[in-house]
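A.B. asks: Sequence first, predicted coordinates after that:
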Amino acid sequence: MSRGDDGRDTYREFTEAVNMKPRELSTWLETDESKQVGWHKGGRSGGGESVGHESGRKIIDLLRRKRADLSEGDYKHMRKVVGYVRRHMAQRPSGDVRDTKWRWSLMNWGHDPLK
């Protein structure tokens, strides 16, 4: 694990950043709002799934698995999620964010800033 830890710090930071339950995130990922935000590999015209939407599916899997079954690759994705949530939260727009692409993008990564 990074920084000499055995994954405890990464796991803790991940579970603090991800504040949506697996079922809640799964339901969110089915919405049109979820599918219309984020960066798509190959550009927006390339179609396909956005990076954040794909991450959301991975997050659901991580949340449903036992900690003992997590691989180094899983911890790497957890660190990616934590970094994204922290960076995106620092860019919070002013005003009501309820129906914004900013919030929807964060929710694809498992974090609802209204919670």
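C.D. replies: Looks like it arrived, so ask away.
A.B. asks: what stretches of this protein score poorly on pLDDT?
C.D. replies: Applying pLDDT under 70 to the chain flags the ranges 1-5, 42-47.
A.B. asks: report the longest helix in it, please.
C.D. replies: As assigned by DSSP state H, the longest helix anywhere in the chain is helix 72-89.
A.B. asks: And the next helix or strand after it, what's buried?
C.D. replies: Beyond helix 72-89 on the C-terminal side, the first helix or strand identified by DSSP states H and E is helix 101-108. For helix 101-108, burial by neighbour count (16 or more other Cβ atoms under 10 Å) applies to 103-108. Using the backbone N, CA and C atoms, a C-beta is placed for each residue, glycine as well.
A.B. asks: what angle do helix 101-108 and helix 72-89 make?
C.D. replies: Between the direction of helix 101-108 and that of helix 72-89, the angle (axes from the mean of the first three to the mean of the last three Cα atoms, to 10 degrees) works out to 160 degrees.
A.B. asks: Which neighbouring elements make contact with helix 101-108?
C.D. replies: Counting contacts by 3 or more Cβ pairs under 8 Å, 6 or more residues apart in numbering; DSSP states H and E, helix 101-108 is packed against helix 22-29, helix 32-35, helix 51-64, helix 72-89.
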